[in-house]
Every structure is written in C-alpha cells, then in structure tokens.
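Novice: Build the 3D model from these lines:
(one chain, ligands or ions: 2)
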Amino acid sequence: MSTENEQDGSRNGASSDTVGDDPDRVVIFDTTLRDGEQSPGISLNTAEKLEIAQQLARLGVDVIEAGFPITSPGDFEAVQSIAREVVDPAPPIVAGLARTHVADIDAAWGAVRDAERPRIHTFISTSDIHIEHQLQSTREDVKGQARAAVAHAKQYLDDVEFSPMDATRADVEFTAEVVQIAIDEGATTINIPDTVGYTMPHEYQAFLERLYAMVPGLHGVVLSVHCHDDLGLAVANSFAGVLAGARQVECAINGIGERAGNASLEEIVMLLRTRHADIGLDTGINTREIARTSRLVSRLTGYPVQPNKAIVGANAFAHESGIHQDGVLKERSTYEIMDATTVGLATNSIVLGKHSGRHALRAALEEMGYAVEGQALNTAFKRFKEIADKKKVLTAMDLEALVTDELRSEISGYSMEFFEVEASSRRPPNARVGVRGPDGEVSEGSFTGDGPIDAVMAAINAATGLHAQLRDFKIGAVTEGQDALGEVSIVVVVDGSSGSGQAVSTDIVEAAAKAYVRALSVAVQRAQQAESAVAVPTP
Ligand code: KIV
Ligand code: ZN
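Specialist: Numbering: from 1, shown residues only. Ligands and ions are numbered 1, 2, ... in the order given. Presented below is the predicted three-dimensional model:
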C-alpha cells in the first residue's frame, strides 16, 4: 500500500528550485510566524522566531512568511534575521507581508532583501464589505492601489505575491479584474484568501475555476490558497483549491492563526502524502520533522495541541479499544492509515544519562539538528548535568525542551535570581523572590498567596513593582513518567500588552517562576515597543 520514501520522509525529495515549475508539486507556504503569530496571546521574540524558522527549513517548507515588517521594529528585526540566517539545509523563500502602501512595501523589502530568495506579499481587500466599511474606499481605488503596489514591489524583486483579501465574499468578476491587474504588473503568485473561513469546499473550487476561466493569465503564475478554519473547513477548502489547480497552500503548524486558525500544515501535507495514489501530487516536506516542529511551535507559542488533533495530537496514533489494539498488533494497517514514524513520532533513540559527557551531549544535539558550540554548549552542559542528576535518563524530547528553554534565557529584561517558598496545608504559603531588573539591580519581594505558585508570582510582582495580570497558565510534562521534566507556559498582561513565557524544570514551582519572569519581560518590552510603533490593523 505504501510507497513512502522511508529514508528522508519526503516523497520525492524535490528541491525548492522546482517551486512553480513542476505541475505535480505543491508549494508549502508556511505562515506560522505571520498569521500564526497573530493568534491572541502569542508573542514570540526574534530568537524564538529564528528557532522556529530554522526548524521550518529542516522540515522543508518552500516559503516562510516571516512577518509583517511595517507593524513594529521587532517584527522588522525578526524578518530580517530570518532572511539573513536561515539557509540550511536549503534556503527557503522568505516572504514579508505588506499592505499596498509604499511604506509597507519598502519595509517588507528592507526586511527580506538579504534573503537568498526574497518575496514580497502584498494584499488589499476586494469584498465590498471590506472596501466600504474597513477601507472606506471604492473599487476603482482598490484597482489603483493593487496596480501601484505590485509595480512598486517589482522595482525591488521578481518574486511578488498578491492577495485580494476576503476574496471568497467578494464579487468574483471584480476580483478577477484585480487579479488581472496584479498579473499585468508582474505578480508571480496569486493567492485567494478565504479570510473569514466562510466558504465551502465546492464553492471555493468553483470560485477558483471561474477565476481561471476569466483570467487566462492565471495559468502562467502560481495560484495559491489561504483558508481560515472558522467553520472547521480550512484543510478541506485548501484541498478543494488544489483540485481546482492551486499549487501553493498557505498553512501553519498546528493550524494556528487568526481566530480559529489557518489550515494545518501537517494535515494538508499528510493528506497529499497518504492519498498520493489518488491525488498524484507531491510536496518537498520531510514529514519525519513534523512532530518535532509541532512540539517546538506549541512550546514557544504556549498553544497546546489538542490530544485528538489529526497527525500531531497525543492520541493521533493511540488505540484505546481492545478490538482496535488487537487488530493493530496483528497488522498495523487494520486501524492505521499512516505509520507514526513517518511523521517523526517514536523514531529517536537518543538517551543520555548523568555519566554522559559534553561530547555526547554535543553529538546528540547535532543529530537533532542543533549546532551548539562554545559558551552555549557550556551552559547547555551545566543545565544538562543539573537535570541528569535528578532525572536518570534524558531523551531527545527532554533535550529539545532544554535547548528551547536555554534560548529563552536570552530574553532581555528581568531574570530570576532566587526563590523560596514555604508550603503547608496548615497555613497559607509564603514566597520570597529575588529578581534582577534590566538595570542589573536585584530587588526582593515577598507575598503570602493562595498556593505556592500564586505566592511566587505575586512576590515577583512585588519585587519588580509591576502590576502584571495573569491571563493564562498551563502546566504539562515533557515526557511520561514520575521524573518527567515539568513545563509551564504563562501569559501575562502589563499595561495592556501581553507577553508569553515558558520554562522547564524538574521543579514545577521553579518552572512557573521562570516562565512568569520571562512573560513579564516580553510584555514590558512589547508595551515599550507599542508606544513607538505605527498602528497597523493586522489582516
Ligand atoms: O486571511 C487573510 O486574508 C490574510 C491575507 C493577508 C493573505 O491573512
Ligand atoms: Zn489569514
């Protein structure tokens, strides 16, 4: 049944040089760092975005939409770093989003220009609802803006994508006119967004087929789909678009994105792969990197993956009923349509213990794709030894959590110096903490709270003098078993700006304290940035 290439997890190993040339190749455009990052409560810093982008490159996505550079200096910096630094194992296309304004396009170009393969993605709405109420403009003006924006972007580079936003609720004839203009000006990809997740698969397919009929030039560019999941149809709609002829799918890891999210990358990729015999289309994705990418994105965004989520949920390959277990033990294909190892689950044999040396740690990290050298290796090794003393064995999942945790120590702002908590069932717990501030000074604070973690968080507020409000608190374990590393994700709001922080430790109070201080640092940084940023409504 399966014709999978078990070596690298990719069906055809097609390189991204083939993007747009091969009629059987679907370009995977990942928007985790742009549309995904717009999910409420997510706030990634540059180091975290870079880490995700590097993993997306390992996963083999063709295009990384790295951000919306005009929106803030932080976004610009992150897109620029990704454009400059993400080159292995092959340089992906790095896209920056821009409205049709000259300043947006200039900012997008400034941020992506150093990429080996830069792209500008510009958009304007074609639905009357948006034109009248949001843009407060006219169809004529929209046509003029689309023309000017693509022409302006083309002065900088060849690879220009154009999106008529909210297209699925727009007049198809007007959208066709705007698409024609964008193609006349040289757009190389035309993306048709279902911005509010309203369309149905048969409607979307028909809409795209009508566009093909009305705009013959569409056959000469890459048609792309971008579907939101408000009615749970994002993947089905994206697939309908592919059936209509689209050869780029915009999607996000774990399906994150505005509101209900975007089409989930792992689902569309595994659909094309699992049903290849019937569909006949390929992607360049190394599917064995899917599980790890999903974990990294979940950990850094603080967005957990629901257990029953297709492909990457904890139960996606679990069988509870006796009949199913019996069937799978006799022959896996009785109840499994995919092999868990194909998506990178249960493949890694890395196991380190307290006697493992620096060399073994470096080799293990290298095998997992992390090049950790010099001071970073010393710090990682020190952390590894501390944990290995408490926890007998460390697996690849633990190391992954450790590396991402270390990454977050680079967040500038506040850092945890020490904490003490007294917890008892007889009196309210009391916490005392020391927090180093951005000025290098350590301030102390104490508090008596409802529980030990509550007391620590309130003591941190007292030490910093900040009135941070806790918005979200999640606790989990990195692996199974009693000695598993605890993992805490926290979202706080300071002066109207939210920040998220995560941390791992064998001690959950320590993990919570560190995560809280990190979330606080990000929120403070964002509050400061918000003061200086241009107000841009995000799509
Ligand atoms: O949903 C949407 O329309 C978008 C566009 C910017 C492509 O995100
Ligand atoms: Zn979107």
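Novice: use CA for all of it now, contacts and neighbours both
Specialist: Will do.
Novice: which other helices and strands contact the helix or strand where residue 459 lies?
Specialist: According to DSSP states H and E, residue 459 maps onto helix 452-464. In terms of contacts (3 or more C-alpha pairs under 8 Å, 6 or more residues apart in numbering; DSSP states H and E), helix 452-464 is packed against strand 415-422, strand 430-436, strand 442-448, helix 508-532.
Novice: among those, which is nearest ligand 1?
Specialist: Ligand 1 sits nearest to helix 508-532 of all the helices and strands packed on helix 452-464, at 21.4 Å, using C-alpha to the nearest ligand atom.
Novice: Buried ones in the closest one, by neighbour count?
Specialist: By 16 or more other C-alpha atoms under 10 Å, the buried positions in helix 508-532 come out as 508-527, 530.
Novice: hang on, the earlier thing: want to throw the helices and strands packed on helix 452-464 into TSV with distance to ligand 1?
Specialist: Converted to TSV, the helices and strands packed on helix 452-464 look like this (distance: least, C-alpha to the nearest ligand atom, whole Å):
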stretch	distance to ligand 1
strand 415-422	35
strand 430-436	39
strand 442-448	43
helix 508-532	21
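Novice: By mean pLDDT, show me the worst of the ones you listed.
Specialist: The weakest mean pLDDT among these belongs to helix 508-532, with a mean of 86.
Novice: That one relative to strand 430-436, how many degrees between them?
Specialist: For helix 508-532 against strand 430-436, the angle by axes from the mean of the first three to the mean of the last three C-alpha atoms, to 10 degrees is 50 degrees.
Novice: quick one: contacts for the residue in the stretch 101-250 of the chain positioned nearest to ligand 1?
Specialist: The stretch 101-250 of the chain approaches ligand 1 most closely through residue 195 (3.7 Å), counting by C-alpha to the nearest ligand atom. Counting by C-alpha atoms under 8 Å, 6 or more residues apart in numbering, residue 195 touches 165-168, 226-228.
Novice: if I've got this straight, residue 191 is in a strand?
Specialist: Yes - residue assignment for residue 191, taken from DSSP: H, G, I helix; E, B strand; the rest coil, places it within a strand.
Novice: What is the burial count for it?
Specialist: 25 (other C-alpha atoms under 10 Å).
Novice: In space, what's closest to it - neighbours in sequence excluded?
Specialist: residue 224 (4.2 Å; C-alpha to C-alpha, 6 or more residues apart in numbering).
Novice: helix or strand for the one you found, which one?
Specialist: Residue 224 belongs to strand 222-227, assigned by DSSP H and E.
Novice: so how far is residue 113 from the residue of the stretch 301-450 of the chain found nearest ligand 1?
Specialist: With C-alpha to the nearest ligand atom as the measure, residue 301 is the residue of the stretch 301-450 of the chain nearest to ligand 1, at 18.6 Å. With distances taken as C-alpha to C-alpha, to the nearest Å, residue 301 is found 27 Å from residue 113.
Novice: who's more crowded, those two?
Specialist: Using other C-alpha under 10 Å, the more surrounded residue of residue 301 and residue 113 is residue 301, with 25 against 21.
Novice: Tell me which residues touch that one, please.
Specialist: Contacts of residue 301 (C-alpha under 8 Å, 6+ apart): 42-44, 500.
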